[in-house]
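*Asks:* structure for this input, please:
(one chain, ligands or ions: 3)
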Amino acid sequence: MSRVKGREQHIPSHFSQGERFAMKEALKGAIQIPTVSFSPDDINTTAQAEFGEFIRTVFPTIFKTRFIQHEVIGEYSHLFTVQGSDPSLQPYMLMAHSDVVPAPDEGWEVPPFSGLEHDGFIHGRGTLDNKNSLMAILQALELLLIRNYIPRRSFFIALGHDEEVSGQNGAQKISALLQARGVKLAFIVDEGNFILDGFIPYLKKPFAMIAVSEKGAIDLKLQVNMTPGHSSAPPKETSIGILAAAISRLEQTPLPNMFGSGPLKTTLQELANEFPFPANIVLRNLWLFGPLVSRLMERNYITNALVRTTMALTMFNAGVKMNVIPPMAQAIINLRIHPAQTVQEVLELVKNIVADDRVQFHVLTAFDPLPVSPSDHQALGYQLLRQTIQSIFPEVNTVAPGICIGNTDSRHYTNLTTSIYRFNPVYLHPQDFRSIHGINEKISVQAYETQMKFIFEFIQNADTYQEPIPHLHEL
Ligand SMILES: CCCCCCCC/C=C\CCCCCCCC(=O)N[C@@H](CCCCN)C(=O)O
Ligand SMILES: [Zn+2]
Ligand SMILES: [Zn+2]
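*Replies:* Numbering: from 1, shown residues only. Ligands and ions are numbered 1, 2, ... in the order given. Next up, the predicted model:
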């Protein structure tokens with residue numbers, strides 16, 4: 001990596017019992033505010049306003065520090081500009097979001113907005129997605145400031161309030177504002193991937209996957225219109241039957257397996273050494289065993305999402321009365337586009353599978369997969385993450401670049417940097433993955449403390465590195 005400056009001013013990440021108690025109580029308090037986003041036009045503004053007051057109360061030092069500017073953007077998003085002492089260092093940005101997806105009580109072991117602590121875990125919606133990151137970032141900064149920390153490298157903290165429903169009033173506005181101010185960022189760190197444990201058969205050890213890209217997405221409405229009438233003399237097909245058949249064809253026809261293109265090959269090659277024989281040989285020789293590996297990955301629904309564009313049928317509405325032929329049937333399909341495909345290519349494939357002119361297609365939202373950020377040894381943000389992972393999680397042998405199968409607010413910042421990394425310094429197991437947007441989302445107190453400690457170290461590490469110097473052969 002690059003030249004390292006002295007670490008004489010390094011502040012150790014040791015925290016008193018009182019601080020540790022306060023930090024977990026703060027996370028519980030954040031979970032208890034139901035900042036739910038239902039749709040771009042339906043967010044809980046009362047809760048968002050309360051959340052804004054809450055962070056002012058819990059992190060007073062941040063709000064009174066003279067070299068930190070705080071701005072509210074889009075009414076409920078927050079932008080902190082932390083002015084560093086060395087203007088020659090390019091600033092970076094840490095991101096998180098305050099909104100959460102809805103969480104009806106059904107199926108939860110504890111009420112989702114209770115923030116209850118039980119068996120060493122804090123329970124509730126947002127404990128993994130993404131109030132943990134938001135609170136850990138602010139908590140780390142608050143504790144650094146209390147220890148009289150003055151950063152060398154400037155950084156921004158961007159906290160969106162509508163990430164779960166597009167980011168149009170939060171991240172998009174912050175991005176436009178920073179662009180208007182002429183800001184260019186060295187890199188961004190946002191939510192996304194984790195330290196993954198138990199996702200791949202035979203891989204016993206956890207590994208850190210830093211997402212250097214994220215899948216594209218389409219929200220596609222399919223609609224069939226028919227003339228309504230009396231149900232006692234029905235036509236051969238109704239709008240519901242036509243649409244159901246179209247949707248069934250889509251479910252039965254997965255889009256092509258794109259294994260071999262995109263960052264996944266690199267991920268697997270970097271992981272090869274972690275596997276026992278003969279899987280290690282297989283992964284080192286993907287030119288030969290690629291087809292085998294790609295078939296194996298299809299078998300599991302999570303790894304399947306890494307090798308192809310996925311289609312999830314998420315909404316279906318039809319019918320007006322029990323004895324009326326339905327005038328209209330509508331369905332929403334949420335597609336996640338593999339890095340090697342585009343919106344246009346995927347729409348063509350979907351239309352060809354449906355192959356029925358009576359089905360209308362309406363694209364509600366669509367964007368291509370995100371560009372791949374650098375992960376070589378000159379890539380400052382990636383290397384800072386790697387270095388901090390190695391110091392905070394010494395048991396993790398492998399840090400690999402990968403893709404994020406979900407979407408993040410960071411996609412709105414491609415105008416400010418080409419280096420966007422999606423990584424939460426938290427262990428994730430398959431059951432935790434299911435809890436994100438699902439039920440019984442929770443984080444252990446220890447995992448949250450470690451996440452905070454990671455950010456505490458990361459901010460300081462960002463000061464101690466200069467821009468990487470090029471290799472001699474590049475001179
Ligand atoms: C070989 C490696 C195996 C890897 C297994 C991958 C495991 C996946 C791990 C984590 C993925 C979690 C994704 C979390 C980020 C999701 C954030 C989110 O929910 N975003 C929303 C945005 C919605 C925007 C409005 N349309 C989303 O994606 O739906
Ligand atoms: Zn999220
Ligand atoms: Zn989410």
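
*Asks:* check contacts around F59.
*Replies:* By Cβ atoms under 8 Å, 6 or more residues apart in numbering, the contact set of F59 is L138, Q139, L141, E142. All C-beta spots, glycine's among them, are computed from the backbone N, C-alpha and C.

*Asks:* with distance to ligand 2, secondary structure and neighbour count as added columns, please give those in JSON lines.
*Replies:* Shown next, in JSON lines, are the contacts of F59 (distance: Cβ to the ion, whole Å; DSSP: H, G, I helix; E, B strand; the rest coil; neighbours: other Cβ atoms under 10 Å):
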{"residue": "L138", "distance to ligand 2": "16", "secondary structure": "helix", "neighbour count": "24"}
{"residue": "Q139", "distance to ligand 2": "18", "secondary structure": "helix", "neighbour count": "27"}
{"residue": "L141", "distance to ligand 2": "20", "secondary structure": "helix", "neighbour count": "25"}
{"residue": "E142", "distance to ligand 2": "22", "secondary structure": "helix", "neighbour count": "23"}
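
*Asks:* quick one: the residue positioned nearest the centre of the chain from P374, how far?
*Replies:* Residue closest to the mean C-alpha point of the chain, counted by Cα atoms, centre = their mean, is G192 at 3.0 Å. Separation of G192 from P374 (Cβ to Cβ, to the nearest Å): 16 Å.

*Asks:* same check, this time on A96
*Replies:* Distance, A96 to P374, using Cβ to Cβ: 23 Å.

*Asks:* the two - which one has more neighbours?
*Replies:* A96 (26 against 17; other Cβ atoms under 10 Å).

*Asks:* quick one on the thing from earlier: hmm, the residue nearest to the centre of the chain is touching G402, no?
*Replies:* No. If you go by Cβ atoms under 8 Å, G192 and G402 don't touch, sitting 9.1 Å apart.

*Asks:* give me the common contacts of these two.
*Replies:* Common contacts of G192 and G402 (Cβ under 8 Å, 6+ apart): A211.

*Asks:* now the residue in the chain that ligand 1 sits nearest to: how far from N130?
*Replies:* Closest contact between the chain and ligand 1, by Cβ to the nearest ligand atom, is at G406 (2.8 Å). Distance check for G406 against N130: by Cβ to Cβ, it reads 11 Å.

*Asks:* what are the buried residues along the host helix or strand of A140?
*Replies:* Using DSSP states H and E, A140 sits within helix 131-146. Across helix 131-146, burial judged by 16 or more other Cβ atoms under 10 Å covers 131-145.

*Asks:* so after that helix, what's the next helix or strand?
*Replies:* Following helix 131-146 in sequence, per DSSP H and E, is strand 155-160.

*Asks:* give the burial count for the spatially closest residue to L178 that is not a sequence neighbour, as a bare number.
*Replies:* Nearest non-adjacent residue to L178, counting by Cβ to Cβ, 6 or more residues apart in numbering: L416, 5.9 Å away. The number of residues packed near L416 is 21, by other Cβ under 10 Å.

*Asks:* again with the one 3 residues further on
*Replies:* With neighbours defined by other Cβ under 10 Å, the count for S419 comes to 19.

*Asks:* how about it: what's its closest non-neighbour residue?
*Replies:* F187 (3.8 Å).

*Asks:* ok, F456 next?
*Replies:* Excluding the flanking residues, the one nearest F456 by Cβ to Cβ, 6+ apart is A140, at 4.2 Å.

*Asks:* thought the one you found was touching A462?
*Replies:* No. Contact criterion Cβ under 8 Å: A140 and A462 do not qualify, at 11.9 Å.

*Asks:* what's the angle from the helix holding A140 to strand 155-160?
*Replies:* Per axes from the mean of the first three to the mean of the last three Cα atoms, to 10 degrees, the angle that helix 131-146 makes with strand 155-160 is 150 degrees.

*Asks:* so how far is helix 131-146 from its chain's centroid?
*Replies:* Chain-centre distance of helix 131-146: 19 Å, with Cα atoms, centre = their mean, to the nearest Å.

*Asks:* list the contacts of that helix.
*Replies:* With Cβ under 8 Å, 6+ apart as the criterion, helix 131-146 contacts 11, 15, 19, 23, 26-27, 30-31, 55, 58-62, 65, 80, 82, 94-98, 100, 126, 157, 159, 191, 424, 426, 443, 448, 451-456, 459-460.

*Asks:* point out where the chain drops to low pLDDT.
*Replies:* 1-8, 465-475 (pLDDT under 70).

*Asks:* what does it put close to ligand 2?
*Replies:* Proximity of the chain to ligand 2, by Cβ under 5 Å from the ion, involves residues D129, N130, E191.

*Asks:* state the distance from the last one to Q179.
*Replies:* For E191, the distance to Q179 equals 22 Å [Cβ to Cβ].

*Asks:* can you give me the buried ones in stretch 310-320?
*Replies:* For stretch 310-320, the neighbour count (16+ other Cβ under 10 Å) marks T310, M311, A318 as buried.

*Asks:* from those, which land in helices?
*Replies:* In helices, judged by DSSP state H, none of the buried residues of stretch 310-320 are found.

*Asks:* helix, strand, or coil at A211?
*Replies:* Of the three states, A211 takes strand under DSSP: H, G, I helix; E, B strand; the rest coil.

*Asks:* quick one, phi/psi of E251?
*Replies:* phi -70, psi -30 (degrees, to the nearest 10).

*Asks:* mind listing what the closest residue to it other than its chain neighbours touches?
*Replies:* Closest residue to E251 apart from its sequence neighbours, by Cβ to Cβ, 6+ apart: L313 at 6.8 Å. Taking Cβ under 8 Å, 6+ apart, we find L313 in contact with I247, L250, E251, A331, I332, I333.

*Asks:* phi first, then psi, for L313.
*Replies:* phi -80, psi 110.

*Asks:* wait, doesn't L268 sit right on L283?
*Replies:* Yes. At 5.1 Å, L268 counts as touching L283 under the criterion of Cβ under 8 Å.

*Asks:* more neighbours: which of the two?
*Replies:* Using other Cβ under 10 Å, the more surrounded residue of L268 and L283 is L268, with 23 against 20.

*Asks:* elements contacting whatever helix or strand the more buried one lives in?
*Replies:* Using DSSP H and E, L268 maps to helix 264-271. The contact analysis (3 or more Cβ pairs under 8 Å, 6 or more residues apart in numbering; DSSP states H and E) places helix 264-271 against helix 279-284, helix 286-298, strand 399-404.

*Asks:* give me whichever of those is most buried.
*Replies:* Comparing the helices and strands packed on helix 264-271 by mean neighbour count (mean count of other Cβ atoms under 10 Å), strand 399-404 comes out on top with a mean of 24.

*Asks:* beyond that one, next helix or strand please.
*Replies:* Proceeding N to C from strand 399-404, the next assigned helix or strand is strand 420-428, under DSSP H and E.
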